[in-house]
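Undergrad: could you work out the structure for the sequence below:
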Amino acid sequence: MINIILPVDFSEATDKLVDGAMKFARETNGKLCLIHVAPADIGFAIGDMGFQYFPEVEQNEIKQELLQLNNLEQRIISSGVDCEHLLKQGIAGDIILEYAREKSAGYIVMGSHGRSNMYDVFVGSLTKELTRRSPVPVLVIPIH
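TA: Model prediction:
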């Protein structure tokens, strides 16, 4: 069975991306390995006192994202596709590529758009980065 890495960001495009990845997994007899990379600075805020860290904000956000990952995993499994998931914090591109190596992945599946076009302008496109850096093929699913 081939491992297929599927990074998700819980944007509006996630459902279309998951549907496309499930179709690809069925066609290749693959297992989807969901990964969500949360930013390392979730609990930080800037206020009158400068930077402040709120661990309860970070914990709540991580709990919500883990719940969303669990729900996606159950949806995929109930459709007949094998699946597992991982949630990590840090730099998305590095963590996704590290996970692909750990899982001896055959593919990484990405969407053509993520959180927003403005986000891509300011932060850079993760899909673009991974197609440049990945040692395994990156399948890009058009999301419009």
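Undergrad: list the helices and strands the helix ranked longest in the chain packs on?
TA: The longest helix of the chain (DSSP state H) is helix 55-78. Helix 55-78 sits against helix 14-28, strand 30-38, strand 83-89, with contacts defined as 3 or more C-beta pairs under 8 Å, 6 or more residues apart in numbering; DSSP states H and E. C-beta coordinates here come from the backbone N, C-alpha and C atoms, glycine included.
Undergrad: quick check: nearest residue in space to Lys88, chain neighbours excluded?
TA: Ile95 (5.1 Å; C-beta to C-beta, 6 or more residues apart in numbering).
Undergrad: spit out the contact partners of that neighbour.
TA: Shown in contact with Ile95 (C-beta atoms under 8 Å, 6 or more residues apart in numbering): Ile35, Val37, Lys88.
Undergrad: now the last one: how far from His144?
TA: Spelled out, that is Lys88. 29 Å (C-beta to C-beta, to the nearest Å).
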